[in-house]
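**Student:** Next input, structure requested:
(2 chains)
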Amino acid sequence: MASFKPTKVQFLPKLGEKVTEDTLYWKNYKSPVQIKEFGAVTKIDFSPLAPHNYAVTASTRIHVYGLHSQEPIRSFTRFRDTAYGGSFRGDGKLLVAGSEEGLIRLFDISGRVALRQFTGHSKAVHVTSFLSDGFRVVSGSDDLTFRVWDVPSAVELSSITEHTDYIRALAPSKLNPDLFVTGSYDHTVKVFDMRSGSSVMTMQHGHPVECVLLYPSEALLVSTGGRYVKIWDLLKGGQELVSLKNHHKTVTCACLSSVGNKLLTGSLDRHVKVYNSSYKVVHNFDCDASILSMAVAPDDEVVAVGMTNGVLSVRHRKHKKDKETLTSRRRRGPSYRVFVKGKNFVPRQDDFLVSKPVKQYLRKYDKQLKSFEVSKALDTALQTWTRTSKPEVTVAVIIELNRRGTLKNALAGRNEESLTKILNFLLKHIFDPRFSRPLLTVGDIVLDLYRQVLHQSPVVERQLQRLMEVLGREAELQQELLQVLGILDTLFASLTPRKEVLWEEHCPMSLNNHCVSVSSVSADVCRI
Amino acid sequence: MVETSDIRVVRCGGSKVNLTPPIISNDSRFVLCASGDLVKVYSTRTEEWLHSLQGHTNQVTGITLNPANHLQVYSCSVDGTVKLWDFIDGILIKTFVIGCPLFAIYVSEKHEGVLFLHVSMATDSKNECFQLVSVHLPKSAEQEVEAKEMSAVSSHISKNPSCTAFGRGVRVHFFFFYFSLKATDKKGAKNAFTCIACHPTDDCIATGHEDGKIRLWRNFIHKKEYTYSTQHWHHNAVNTLCFTPEGTHLLSGGIESVLVQWQYGADNRKEFLPRLGGSILHISASSDGQLFCTSHSDNKITVIESSFKVCGVIQGLVKGDAVLTDLMIDPRSKALVLNGKPGHLQFYSLLRDKHLYNLDIVQQEYIYEAGLDQFEVVKAAFDIKGSWLATVEERGKKSSDLEFFLKLWAFDERTQSFVLNTTITAAHTDRIISMCFSSSEETTMLVTAAEDSQFKAWCQGADDQNFWSCDFVGSYHKLNPTNCSFSADSSLLAVSFQEVITIWSPDTWEMLTTLCQPPGVIRDLCFGRLSCSKYLLGTTTKNLLCCWNLLTCELEWSTSVDVSKLQPDPFSENVAAFSYQSKHTDLFVFKPSEPRPLFTNKNVCSEKVHRAVFVPREEPLNSCDESTQWLNRSQLYFLTQNMDLLTFSTATEEDRMLSSSKQLVIDDSVAVTPFYLLLGKHRQQQQKLNTQSHPVADKPQQPQGSVTIKELLHTPAHVLPAASVLCSMFVNSFLISNTGEMDSEKEEEDSEEEMEACDSQQELRAQGSVDEVTPKLSKAQERELKRVRKTDFSWMAGLIDSKP
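**Tutor:** Sure thing, here's the model as predicted:
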């Protein structure tokens, strides 16, 4: 005797992005914490030393946040005009920042007042940075020059004018204290060597350069500008390795994750994209506004993104530890007497085992189907939780009822409330290609059954009106799609037959059918 | 069929076991059922087929136990004979020749020597008019007796055997009930009778009705005062009713395949045993009430304990309404695979004529309801190694509400069965027409051709993905494909689109060439094998069999034959073609390289043949005869429209079968268990040794003292005499008795010549009676024995006594 076979629920795979290790890794962040700043966030820089505080430059202030704090633990507010490019020294004790008025200020992380002020730039200084020896500061300005300053004596060591437009990008080498890379709006990226006092390498980016970034090995250089991200091989004399065009607006910032050296780019199109080592996009973050700055904490603990609307969005990494504490709090241990008693008994080798028949556990709707209670089974499947979170279960029960030829019986004899439930479900899911076929049958049967009494309930009538509207819209859409398909067919007909075959592989399979059935139901609705 | 005398068509295996109610023997050890022209005896415990009672020459229509001797069984057949069997030993005791086709048999305890039979009223059995007759069995010692002494009891009765029942009245000696199906059709209610059962002791009859009601009629003996009560549970016609022997319960069954047990007296108390398989056709109970047997429409007998637990299933070859899948051979188990239970594929071992297992394809609860549109397995295909199985299940007669799934099953080595790997929900937009696997060893590829004028190639995804996905979609001028086939080395794929055959290369998916032979749509398509692999064969609807040469892309030959099925043999170049012409089917076996057929068999059967398969033999025959050579490597099975599975057998093969069946004479009183078989083998060896030394001895040697030992061992210890008494008896029993024992001691000392003469006399005597064969002893041994016998063993008795 076979046992009852439960209803098979079909889980159709979601189309679209594939789940890879990278996606799992980058999905493993908590929902972002939003911190409101006073103006657009132009620069975020993490301190290289633990506990990895980060400096956020926005408007006329620089705030220093702790990794997990939402309130600034320190702020530098002595700017008369907009501050730019606050960045830490290699030991995390000093901070340098430029400003709109052309002054460069140097702060002790524990102090308030600037330790040094470097004057000399005639226009706004957008980028400042320490060289890797820690005693010199390099700054790039809108007056087309960049200057190198000595920290102890606060004097200008050199000033070089090679760019022909604003300098907006700067990256000092961490291995060589005399090397740094600059990018400018004159479409070029230049590598400077302080020992020779001039540029040693020039690369044409092709668009105004917004950001430059050196890989830790310093063999590869990333420059972003326009919609393009370009990777240059410095060891081959600045040869372009790849040019990526994944954003559809200007790419404003780039940074590297410390685990696996993944490249992250942020753009005005409000997306952060993560590339793998072969420069394929593996993950994508969405933000609410155009992104101006971005930084990743060491060990990828935090991803901080600054936006034009002055919101700093901080994502923290999820840890297993957190999850465990969460779940353990929620689930209490089983009561010994009910669940554990005797279950953990391990039989000895020479014990004679009397096997107990395994009881088949059935879902509630299966139990009802087993005893042919069709209406109840449908009610169970239409319960709020199932309906909203697992629509495929509801649809599976509907398909099963249809197969048994009892769908009409199950739908008949319902009151306004339960009919509304069914119609709501239809409204929500009738266009899901996974569900549309059985749901269209349900719609047909409901119309057939309740044709006489529909006008008695204004609620149901309104829902049917909505159903008719959406069905009409869908039919129109399908028609348009078919037209496009026809256009494409004529286009491909002129190509080789090989290509034609390739195209057919991709075309939606049941489009035609679907359209016909949709229009038939909408015609039905119209009749009423 | 003089010209093909050594090849004949035989009906093989898988005949119906559900035609008549099965019978349980009185000791509940055997189940008997009529199956084709045999009566099969199964063991209730092991479900094993023990032996069959062979002798009827036509369909056996009824069996019943002999009320006078519960070890004997009567069987009746359409060939007009009633045979009496000893079913334990499988011996035919008597044959009664009645002379006209018999359709059912009944006996009554009160009437010894009388049989009740259903015979057809008119001479031609076309008009369904039957009568019940009683036949007095003449007492005679002969094997074959003519019993012409018939007296009609009643006429115009239903053919269905469950429409007649015998009561065992207490006061009235005997009464029986019958009815006509037309009798009670009033007021449009569907309350026509379908079956009847009599209570064994009470004055009560139960009748089943077409609308699912059961009526219990009481007080039937007092005429006109009868009353009845109605019970209703079945939603469709009640197929069968049966009272338990004590009369405490009533069992009923119908199409919903639920065995219902009604408590007699307390009518609303019932028990159910659901999901037994096909709809229940017959129920029978053993005489002690411990076992029930139900026979089902899916050719199955279920043995059920009285505690309502299924304890055994005897499954025959399921033959549904139609075999939708082709006949296939599972490359691993060499089992025949075809549609089985609804939504299942069955694996049937042709060699052992045994159902192996059912593979659940649809995996849905089957609803037993008439007129419901159910999922059916319509296509199935194995790959060459048997590690993949592709199935198509389909629902919906009209194309508008057609639902179908393409499923791919992987063979799991651990569980030794197929496990679902991939389900493809919308493989095509219309019905799949043809499906085949590529036959290469490295890559398995599946090609499906459907009515949406496309064919698709499916293959397993690269590296880490183990599911199947679409690899290529091909079409040809929006024509509907009709068939697809891979060449033997999988280097070519042939897809026929209506009248055109297209040849594709599966490596590059390039269309290589098209072949066309205009009149008629291509019906069947197959590539030649081995040395004929350069040929492609095709049959068209316009009675044309064509053979193309693929090297020259030209038509090699064609002939006008209406081929209904073209079946290539995978192990040789041969191709079998069944053609249907003027109400009979002919078979041609030919090689594609030469248009002259190797073998022709006219009039194989009278129906059309649509399914056929070559089954590889376990050990190849080595016949050199030209006409039987094609059967050397494999055997051809085919299925007619009447769902008869037929095959061709050669004379040499039959001889071999016959001789092997003679060798396998075993003691039938013992159930065939694996242990028994082991012992039996040992015995056979012994027997062989014996026959070498004594050609006269037929039976294995019994140890001489067996009776004494048996007595000794089987008597309970507390009734045994003292061990000292037994000792000498026990030792004596081991000594080989000599027929010359009576002779005096003096005779022993006689001359040796006399002894020899005496011995030869004994030998003669021994040859006379087969039963008492004594082993020969050499003279020296004999003398030694006598010496031993004369020694006094009384000291031994003393020893035993001294022990506490």
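
**Student:** all helices for the stretch 251-400 of chain A, in order.
**Tutor:** In order along the chain, the stretch 251-400 of chain A carries the following helices (DSSP state H, counting those that start in this stretch): A:320-330, A:364-370, A:374-381, A:384-389, A:391-403.

**Student:** Adding mean neighbour count and mean pLDDT, write those out as CSV.
**Tutor:** To be clear about C-beta, it is placed using only N, CA and C from the backbone, and glycine gets the same treatment. Compiled in CSV, the helices of the stretch 251-400 of chain A are given as follows (neighbours: other C-beta atoms under 10 Å in any protein chain shown; pLDDT from 0 to 100):
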stretch, mean neighbour count, mean pLDDT
helix A:320-330, 9, 60
helix A:364-370, 20, 91
helix A:374-381, 22, 92
helix A:384-389, 12, 86
helix A:391-403, 22, 91
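
**Student:** how about those helices in JSON lines, adding distance to chain B?
**Tutor:** Formatted as JSON lines, the entries for these read as follows, by distance: least, C-beta to the nearest C-beta, whole Å:
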{"stretch": "helix A:320-330", "distance to chain B": "25"}
{"stretch": "helix A:364-370", "distance to chain B": "7"}
{"stretch": "helix A:374-381", "distance to chain B": "11"}
{"stretch": "helix A:384-389", "distance to chain B": "20"}
{"stretch": "helix A:391-403", "distance to chain B": "7"}
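
**Student:** Make a markdown table from those and add distance to residue B:398 to it.
**Tutor:** A markdown table is the format used below for these (distance: least, C-beta to C-beta, whole Å):
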| stretch | distance to residue B:398 |
| --- | --- |
| helix A:320-330 | 52 |
| helix A:364-370 | 26 |
| helix A:374-381 | 24 |
| helix A:384-389 | 31 |
| helix A:391-403 | 15 |
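
**Student:** so which of the ones you listed gets nearest residue B:378?
**Tutor:** Distances from residue B:378 to each of those were compared by C-beta to C-beta, and the smallest falls on helix A:391-403, at 16.2 Å.

**Student:** if we look at that closest one, which residues are touching it?
**Tutor:** Under the contact criterion C-beta atoms under 8 Å, 6 or more residues apart in numbering or on different chains, helix A:391-403 has outside partners A:7-12, A:365, A:369, A:374, A:377-378, A:380-382, A:386-387, A:407, A:410, A:425, A:428-429, A:432, A:434-435, A:438-439, A:441-442, B:364, B:367, B:373-375, B:395.

**Student:** how does it look with 6 Å?
**Tutor:** Defining contact as C-beta atoms under 6 Å, 6 or more residues apart in numbering or on different chains, one finds that helix A:391-403 is touched by A:7, A:9, A:365, A:374, A:381, A:386, A:387, A:407, A:410, A:429, A:435, A:438.

**Student:** of all those residues, which comes closest to residue B:298?
**Tutor:** Each of the contacts of helix A:391-403 was checked against residue B:298 using C-beta to C-beta; the closest is residue A:7, at 23.4 Å.

**Student:** A helix includes that closest one, no?
**Tutor:** No. Secondary structure assignment places residue A:7 outside any helix; it is coil (DSSP: H, G, I helix; E, B strand; the rest coil).

**Student:** For chain A, what's the nearest residue on the stretch 551-700 of chain B?
**Tutor:** Chain A sits closest to residue B:553 of the stretch 551-700 of chain B, with a gap of 19.8 Å, by C-beta to the nearest C-beta.

**Student:** any idea how far that residue is from residue B:492?
**Tutor:** With the distance defined as C-beta to C-beta, to the nearest Å, residue B:553 ends up 12 Å from residue B:492.

**Student:** For these two, indicate the residue with more neighbours.
**Tutor:** A side-by-side neighbour count of residue B:553 and residue B:492, using other C-beta atoms under 10 Å in any protein chain shown, places residue B:492 first with 19 against 13.

**Student:** where's the closest residue to the more buried one other than its chain neighbours, which helix or strand?
**Tutor:** The shortest distance from residue B:492 to any residue that is not its chain neighbour, by C-beta to C-beta, 6 or more residues apart in numbering or on different chains, is 5.7 Å, and that residue is residue B:503. With secondary structure defined by DSSP states H and E, residue B:503 is part of strand B:500-505.

**Student:** Dump the C-alpha coordinates for that strand into PDB.
**Tutor:** What follows is strand B:500-505 as a C-alpha-only set of coordinates in PDB (Å, rounded to 0.1, in the frame of the first residue of the first chain):
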ATOM      1  CA  VAL B 500      11.800  15.800 -45.600                       C
ATOM      2  CA  ILE B 501      14.600  14.200 -43.600                       C
ATOM      3  CA  THR B 502      17.300  16.600 -42.400                       C
ATOM      4  CA  ILE B 503      20.700  15.300 -41.300                       C
ATOM      5  CA  TRP B 504      22.500  17.400 -38.700                       C
ATOM      6  CA  SER B 505      25.900  17.200 -37.100                       C
END
